[in-house]
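S.K.: dropping a prediction and its sequence here:
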Amino acid sequence: MPKLCLCLTAKTLEQDLQILDEYRKYADLAELRVDCLDPDERFLIRSFPEKAGIPVILTVRRKIDGGFFENGEGARVTLLSKGLAFAEVDRRRNFAYVDIEEDLEVPGLEEAVRTFGTRIIRSYHNVENADDDIAGKIKALHRAGDEIVKVAVTPRTLEDVVKLYRAARGSRDIEKILLCMGPFGANTRILAAKLGSYLSYCSVPGMEAAPGQLDPRELTELYRFREIKKSTRVFGLAGFPLISSYSPLVFNTAFSHEKIDAVYLPFPSDNLKSFLRLAEEIGFAGAAITIPYKEEVIPLLQDSSGDVKEIGACNTLVRSKPGNGWIGHNTDTLGFSGSLLSFIGKKNFRGLGVTVLGAGGAAGAVVSETHRLGGKCLILNRNPARAKELAAPYRFNWGGLDGQGLDMMDRYSDIIVQTTPAGMFPDIDAEPFPLYHFTGRETVMDLIYRPAKTAFLKRAEKAGCRTLNGFDMLIRQAMSQYQLFLGRDFPVELTPKLERIAKRCEDQDGGKAAYKTAQ
């Protein structure tokens, strides 16, 4: 099982010890980043392992490798030597590991540290991109059997992450630490066990030692890092830019509650085919699809449900058998209608005029359900041709987000459903249709749930409208996904707990602090 290493990047040793004490229950070991210390503090590092009380990695990271040390190599070797000097028989008082980059040749130092049981982490960092031959780099770094190889690269696309997983598969017999830095690489920190990594690095929020490091609380409490094994089932969410999502909270809370050996995590995906290749490499048990891939995924499916064929949008992928192609489903439909009908206290939309803003995959689900449940519908979109295409099978009216569309809304304003990304974090001030002036008689639903109240909903609420965000829809569609993924019902008794957590996250900086994809 991979260890969890807390990176300590404070300016003083006392501050590092305070951070370690606060997060001690999450950490198996710590990395002392000497390059982050004030210059005077760097000469006091020898006693740190004993004070820390857990195994410590000694690291003096150069700026070229993503660190902060700017002096010469001679000064860096002096610091490493000072930290490792006067080794004691009681190994708990010595640094347990020392990080030495591939191009730092210090044979005398290496021989000395081995004598007293300090292990060498032979490291390579590419802070610009990801190497083409990661497998070759792993083998080149593997110099001695007692060393741990570390390769950290910076993927510029999700396809670069695929390369890391393939390299891991080809180096099973080498003790190693593999990770991708930055937003594309957060999954490699969570799924260290799948990569066969010796450890995964984490940091206190706001004091990250490298791009993409996660909060140790998030790793252990949300993703259950310590319970992930090679056999753990993985479910992924694909979208872009996918800055934040509550879906990992919903699914992982349910997995934990029901003691299911599974994990759900986000995969920011700049390319859908790369995501599907990564899903094959990791061995996904299922996947969720969000903006902008709900329509693009359909030609890549082996088969699809009737809803997907009718709507032309898919948000859920499952397999009939391991190794088979993907079967697509759409759980947005019942998630939307169940949420809105419950909110307005009706069983259908008969006699109601519904305006749908947007014409993407989510809008397709809304329009389909509006038709099925007897409502009249107007579809307005920035590109009217797309609205026309969505409206045609149902013979609904359509138009643009302009003055003509505004005039048409008079007959379809009992319910207004906002399905575009406008107002989603981080562009929280954006509105899909600022031309429209609410009368206060409309019921207004925005499928966005982060923030809980978009600018659009706030304006509607101020006018006296009843408003609903997309959180309840998220829970409802997730319940359907859960059934498709696992063949069992979602534990509905968790819903109040999830609502409380979401509210607490929303209260923290407008929801931005909630489990978000590492940047």
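M.R.: Sure, I can see it.

S.K.: just the pLDDT for Lys503.
M.R.: Model confidence at Lys503, given as pLDDT, is 78.

S.K.: and it, helix, strand or coil?
M.R.: Taken by DSSP: H, G, I helix; E, B strand; the rest coil, the conformation at Lys503 corresponds to helix.

S.K.: cool, Arg459 as well?
M.R.: Strictly by three-state DSSP, Arg459 counts as helix.

S.K.: that one against Leu435, yeah?
M.R.: No - using C-beta atoms under 8 Å, Arg459 is not in contact with Leu435, being 11.8 Å away. From N, CA and C alone the C-beta is placed, and that goes for glycine too.

S.K.: which one's more surrounded, these two?
M.R.: Arg459 (18 against 11; other C-beta atoms under 10 Å).

S.K.: what residues are up against that one?
M.R.: Going by C-beta atoms under 8 Å, 6 or more residues apart in numbering, Arg459 touches 431, 438.

S.K.: tell me the confidence at it?
M.R.: 97.

S.K.: same question for Leu104.
M.R.: pLDDT, read off for Leu104, is 92.

S.K.: who's the closest spatial neighbour of Ser305, skipping the chain neighbours?
M.R.: His329 (4.7 Å; C-beta to C-beta, 6 or more residues apart in numbering).

S.K.: meant to ask about Arg156
M.R.: Arg156 sits nearest to Asn129 (C-beta to C-beta, 6+ apart), 5.4 Å away.

S.K.: is that neighbour within a helix or a strand, and which one?
M.R.: Secondary structure from DSSP states H and E places Asn129 outside every helix and strand.

S.K.: and it, backbone torsions?
M.R.: phi -160, psi -160 (degrees, to the nearest 10).

S.K.: likewise Arg119?
M.R.: Dihedral angles for Arg119 - degrees, to the nearest 10 - are phi -90, psi 140.

S.K.: what is the burial count for the residue nearest to Arg156?
M.R.: 12.

S.K.: list the contacts of it.
M.R.: Asn129 neighbours (C-beta under 8 Å, 6+ apart): 153-156, 160.

S.K.: change it to 10 Å
M.R.: For Asn129, the contact set (C-beta atoms under 10 Å, 6 or more residues apart in numbering) comprises 153-157, 160.

S.K.: and those, which of them are in strands?
M.R.: Among the contacts of Asn129, DSSP state E puts Val153 in strands.

S.K.: just among the contacts of Asn129, which is most surrounded?
M.R.: Top of those by neighbour count (other C-beta under 10 Å): Val153, with 27 neighbours.

S.K.: can you tell me the closest non-neighbouring residue to that residue?
M.R.: Per C-beta to C-beta, 6+ apart, closest to Val153 is Ala130, 4.0 Å.

S.K.: what is the burial count for Pro322?
M.R.: Pro322, neighbours per other C-beta under 10 Å, totals 7.

S.K.: so it versus Ile64, what's the distance?
M.R.: For Pro322, the distance to Ile64 equals 44 Å [C-beta to C-beta, to the nearest Å].

S.K.: what number of residues lie near Asn94?
M.R.: Counted by other C-beta under 10 Å, the residues lying close to Asn94 total 24.

S.K.: strands of the stretch 351-500 of the chain, start to end?
M.R.: Taking DSSP state E, counting those that start in this stretch as the criterion, the stretch 351-500 of the chain carries its strands at 353-357, 376-381, 397-400, 415-418, 443-446, 466-468.

S.K.: follow-up on the earlier one: the residue nearest to Ser305 touches Ile298, doesn't it?
M.R.: No - applying C-beta atoms under 10 Å, one finds His329 not in contact with Ile298, separated by 11.5 Å.

S.K.: more neighbours: which of those two?
M.R.: His329 (23 against 18).

S.K.: now do the same contact list for the more buried one.
M.R.: His329 neighbours (C-beta under 10 Å, 6+ apart): 286, 289, 301, 304-308, 314-318, 480-481, 484.

S.K.: likewise Leu435?
M.R.: Neighbours of Leu435 in contact, by C-beta under 10 Å, 6+ apart: 401-403, 405-406, 409.

S.K.: can you give me the helices for the stretch 201-350 of the chain?
M.R.: 216-217, 247-257, 272-282, 306-311, 332-344 (DSSP state H, counting those that start in this stretch).

S.K.: will you turn those into a markdown table that also has distance to Ala387?
M.R.: A markdown table is the format used below for the helices of the stretch 201-350 of the chain (distance: least, C-beta to C-beta, whole Å):
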| stretch | distance to Ala387 |
| --- | --- |
| helix 216-217 | 44 |
| helix 247-257 | 28 |
| helix 272-282 | 24 |
| helix 306-311 | 15 |
| helix 332-344 | 18 |
